[in-house]
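Participant: Quick check, what structure comes out for this input:
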Amino acid sequence: KYLFVPSIENMNNAGGLGKVALAAMSQSFFTLSMATGIMIIYGSYQTKDTNLINNAISVIVLDTVVALLAGVCVLGTVFAFGQEPSAGAGMLFGSLTLAFNSMGAVFGRVFASVFFFAVFLAAVSSAISLLEVSVSFLTDTCKIERKKAQIGYSVIAFIIGIIASLSNGVLSGISIFGLNIFDALGWFGETLLMPLAGVFICLFVGWVWKPQNALKEITNEGKLNFPVAPVWSFLVKYILPFSIIYIFVVGII
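Facilitator: Take a look at the predicted model:
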């Protein structure tokens with residue numbers, strides 16, 4: 001009920017419709033790796049005959065299914081152990097740890113080891129794709145050797161990651177606008193930069209590159225059927241950039 005049934009009270013407790021909509025939009029950007037350059041990088045490595053339409057639909061459907069399953073598992077565990085459902089990322093290491101402990105000494109350790117190893121692999125794979133955006137920029141535009149670019153960005157990301165992790169421990173006393181370092185970085189990236197990047201991508205595709213040129217890539221020069229192409233073009237050019245700006249402004253205010 002907490003997960004699937006809309007609640008005006010919970011929405012108001014979270015700051016109102018504007019903040020909830022902004023959080024939802026930021027989450028969609030984050031979980032689908034949009035507005036970070038990742039999908040552009042992945043797309044550049046596809047062959048010309050790749051069906052981008054089917055790929056996009058598959059990513060959206062699978063991502064949503066996994067998110068719903070994760071929500072059921074995590075929130076079910078949270079309420080079963082009387083935890084606070086608004087704990088955020090802390091639920092990963094709090095409530096789920098309690099669930100693993102309840103499985104017994106053997107099964108609990110096995111499931112916990114497998115789960116957190118999977119979390120580690122998810123983090124590493126995400127880090128690789130995120131770094132590829134910056135590395136590709138340095139190698140293609142600035143003509144810096146790829147190995148040097150990889151090492152440099154990896155070191156920077158590693159240091160930032162350590163600082164963010166310690167913000168829940170020895171650096172917990174440091175706050176930025178009332179947020180610890182981890183939450184501040186999350187707000188800056190997800191809530192501020194991703195929506196703005198999304199706006200600029202829509203403006204670039206809609207007004208600079210032009211939708212008709214983008215559709216040539218999407219449909220493999222007209223070989224693939226994309227029946228909603230006119231709607232897609234109209235949304236990208238006129239609706240999406242202004243909708244993102246509106247949600248962002250209302251959510252911030």
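Participant: so residue 30 makes contact with residue 193?
Facilitator: No - with contact defined as Cβ atoms under 8 Å, residue 30 does not reach residue 193; the gap is 10.7 Å. In this view, the C-beta of every residue, glycine as well, is placed from N, C-alpha and C.
Participant: any weak-confidence spans in the stretch 101-250 of the chain?
Facilitator: For the stretch 101-250 of the chain, applying pLDDT under 70 flags no range at all.
Participant: Select the longest helix from this structure.
Facilitator: Ranked by number of residues, the top helix in the chain under DSSP state H is helix 105-140.
Participant: Quick one: name whatever helix or strand follows it.
Facilitator: The helix or strand immediately downstream of helix 105-140 is helix 146-166, counting by DSSP states H and E.
Participant: So what touches the helix or strand that that following helix is followed by?
Facilitator: Next along the chain after helix 146-166, taking DSSP H and E as the criterion, comes strand 175-176. Residues outside strand 175-176 that contact it (Cβ atoms under 8 Å, 6 or more residues apart in numbering): residue 184.
Participant: Tell me the strands beside strand 175-176, with direction?
Facilitator: Neighbouring strands of strand 175-176 in its sheet, by DSSP bridges, are strand 179-180 (antiparallel).
Participant: Let me see the backbone angles for the closest residue to residue 109 other than its chain neighbours.
Facilitator: Take residue 109 and drop its neighbours on the chain: the residue closest to it by Cβ to Cβ, 6 or more residues apart in numbering is residue 100, 7.6 Å away. Note on residue 100: backbone dihedrals following degrees, to the nearest 10 are phi -70, psi -40.
Participant: My read is that residue 100 contacts residue 111, right?
Facilitator: Yes - contact criterion Cβ under 8 Å: residue 100 and residue 111 qualify, at 5.6 Å.
Participant: Contacts only, for the nearest residue to residue 164 once chain neighbours are set aside.
Facilitator: In this structure, residue 164 finds its nearest non-sequential neighbour in residue 182, 4.6 Å apart by Cβ to Cβ, 6+ apart. Neighbour list for residue 182: 89, 164, 165, 167, 168 [criterion: Cβ under 8 Å, 6+ apart].
Participant: Output the residues you listed in a markdown table; the columns should cover neighbour count and distance to residue 34.
Facilitator: Below are those laid out as a markdown table (neighbours: other Cβ atoms under 10 Å; distance: Cβ to Cβ, whole Å):
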| residue | neighbour count | distance to residue 34 |
| --- | --- | --- |
| 89 | 11 | 20 |
| 164 | 17 | 22 |
| 165 | 12 | 26 |
| 167 | 21 | 26 |
| 168 | 15 | 27 |
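Participant: want to try TSV for those residues, with distance to residue 206 as columns?
Facilitator: Converted to TSV, the contacts of residue 182 look like this (distance: Cβ to Cβ, whole Å):
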residue	distance to residue 206
89	35
164	35
165	39
167	39
168	41
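Participant: Nearest to residue 215 among those?
Facilitator: Among the contacts of residue 182, residue 89 lies closest to residue 215 (Cβ to Cβ), at 38.6 Å.
Participant: For this structure, which residue occupies the most central location?
Facilitator: residue 30 (1.4 Å; Cα atoms, centre = their mean).
Participant: if I look at it, how far off is residue 194?
Facilitator: In this view, residue 30 and residue 194 are 7 Å apart by Cβ to Cβ, to the nearest Å.
Participant: For residue 240, which non-adjacent residue is spatially closest?
Facilitator: Closest residue to residue 240 apart from its sequence neighbours, by Cβ to Cβ, 6+ apart: residue 202 at 4.8 Å.
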